[in-house]
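Asker: using only what follows, build the 3D model:
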Amino acid sequence: MHPRIVYVVPLLDLDTEQHFYNLYDLLGRVSQHADLEVIAEKGERNASIPGVERVVVQRFTMPLLRALELFFLIARAVWSGRDRIYVHYSTYGGLAGLLCRFLFGARVFYWNCEENAGHWRPSRSRLDLATMKARLLIEWPTGLVIRLVDRLVTGTPRMATYYQRVYGIGPRRTRVMPNSVDPARFHPATTADEPELAARARELEIPPDAEVALFVHRLSPRKGSRDLPDLMERLARRRPQLFWLIAGDGPDRAWLEGEIRSRGLGARVRILGNVPNRGVSVYYRLSRVLVMPSRQEGFPRVLIEAMASGLPFVATAVGGVEEVAGELACDETLAARGNIEQVADLVERVLADEDLAARLAAEGIDRARCYTPERVVKRFLEITRERLS
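Answerer: Now for the predicted structure:
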């Protein structure tokens, strides 16, 4: 029997640079095996997801009206017979789902994969306005949802253990389901890709002898963007042919651009801004190494995208990174959180050692097969078909 599910996603935008783009493909595949309705909190009014028959985008923008509308939309889906509510990250979607569980007996599944504890606490020593606002609007509601839903779903076993420890929920209420990567979009470069890669390199004015390092993330302190200038400066002295592509935007962009100018690094760096996820794969195939110096992570999709593309990576061992990476990568290309000198050493080693880079690429391609959409859809259906007491 097909499960009947209402799925809440924060955004429906086919041009988004965020991981939601991969989620749309996954939902289209899920809809072949489930009676699925998708509610998007934001997005174009008439937007659709290929393969999903019923998609609803919220209309209101005022916070109170949005909250009431979201509850009404979820409740209407439950009244129509969908007894499983699956919420992706949305705190207020989780709260509305819990209210529907209390009123109508629906079951609530909540996906979260982020090291939340302490992230929303600007100051523990004083009760300033920013601290209280973060606690009232983000930290406390999120903690309530995590503690009360029927199943908390997260990306790796380590992250499941994190939630059990920080929020006091038992192992019976946590489930692990990874992100997915589509090998049809993310794959190593072939001869058919060469014209596009050559044209993109000319467009970006990448020198023919350049070694391209890629950063794909939001430009924020959590994702390590504040460490990029020091990292670039260290490596510029060791690998003068190194050329950086920065795919992302965020609160650190103006600061990062200023640092790059002041340190004389502008000729070897291109900040691309937000790149829609459906078009980002060309940059993986154009690069020699992915660099991810994050301070906090959950399940970083950029790593599985790089692995599927045959691109070695250097990353910090935070969140679920060690469980996503293969054995060789864990031994050879993971640095301690905040250790920029170690990150620089590892990047230099990957670029200098062609044999190591080739072995990392092969391991990554093999490892990425664990994250195919077919496997993740199967796991999603296993979780949502469970009998819940």
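
Asker: please report the distance of Gly338 from Leu11.
Answerer: 30 Å (C-beta to C-beta, to the nearest Å). Every residue, glycine included, has its C-beta placed from N, CA and C.

Asker: mind checking pLDDT for Pro240?
Answerer: Per-residue confidence (pLDDT) for Pro240: 94.

Asker: hang on, the earlier thing: more neighbours, Gly338 and Leu11?
Answerer: Each of Gly338 and Leu11 has its neighbours counted (other C-beta atoms under 10 Å); Leu11 has more, 19 against 14.

Asker: so what's that one up against?
Answerer: Neighbour list for Leu11: 18, 20, 40-43 [criterion: C-beta atoms under 8 Å, 6 or more residues apart in numbering].

Asker: which of those fall within helices?
Answerer: Among these, the residues falling in helices (DSSP state H) are Phe20.

Asker: out of the contacts of Leu11, grab the one that's most surrounded.
Answerer: Scoring the contacts of Leu11 on neighbours with other C-beta under 10 Å, the highest-scoring entry is Ala40 at 24 neighbours.

Asker: I'd say that residue and Val6 touch.
Answerer: No. With contact defined as C-beta atoms under 8 Å, Ala40 does not count as touching Val6 (11.7 Å).

Asker: mind listing what's buried in stretch 275-287?
Answerer: The neighbour-count check on stretch 275-287 (16 or more other C-beta atoms under 10 Å) flags 275, 277, 280-287 as buried.

Asker: how far does it sit from its chain's centre?
Answerer: Averaging C-alpha positions (C-alpha atoms, centre = their mean, to the nearest Å) puts stretch 275-287 15 Å from its chain's average.

Asker: again with stretch 279-288
Answerer: The chain centre lies 17 Å from the centre of stretch 279-288; the measure is C-alpha atoms, centre = their mean.

Asker: again with stretch 320-337
Answerer: Centroid separation for stretch 320-337 versus its chain: 17 Å, with C-alpha atoms, centre = their mean.

Asker: mean confidence for it?
Answerer: Mean pLDDT, stretch 320-337: 96.

Asker: Trp111: what's it in contact with?
Answerer: Neighbour list for Trp111: 86-89, 153-154, 177 [criterion: C-beta under 8 Å, 6+ apart].

Asker: let's see that with 7 Å instead.
Answerer: With contact set as C-beta atoms under 7 Å, 6 or more residues apart in numbering, Trp111 has these partners: 87-89, 153.

Asker: hmm, which of these is lowest in pLDDT?
Answerer: Lowest confidence among the contacts of Trp111: Tyr89, with 93.

Asker: re earlier: switch the buried residues of stretch 275-287 over to CSV; also include distance to Asp128.
Answerer: Converted to CSV, the buried residues of stretch 275-287 look like this (distance: C-beta to C-beta, whole Å):
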residue, distance to Asp128
Val275, 36
Asn277, 36
Val280, 38
Ser281, 43
Val282, 45
Tyr283, 40
Tyr284, 42
Arg285, 47
Leu286, 45
Ser287, 42
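
Asker: which one of the contacts of Trp111 is nearest to Gln296?
Answerer: Among the contacts of Trp111, Tyr89 lies closest to Gln296 (C-beta to C-beta), at 14.9 Å.

Asker: can you give me phi and psi for the closest one?
Answerer: phi 70, psi -30 (degrees, to the nearest 10).

Asker: how many neighbours does it have?
Answerer: 19.

Asker: how much space between it and Thr16?
Answerer: Remark: distance between Tyr89 and Thr16 (C-beta to C-beta) = 13 Å.

Asker: same deal with Asp366?
Answerer: 29 Å.

Asker: what about these two, which has more around it?
Answerer: Higher neighbour count among Asp366 and Thr16: Thr16, with 17 against 11, using other C-beta under 10 Å.
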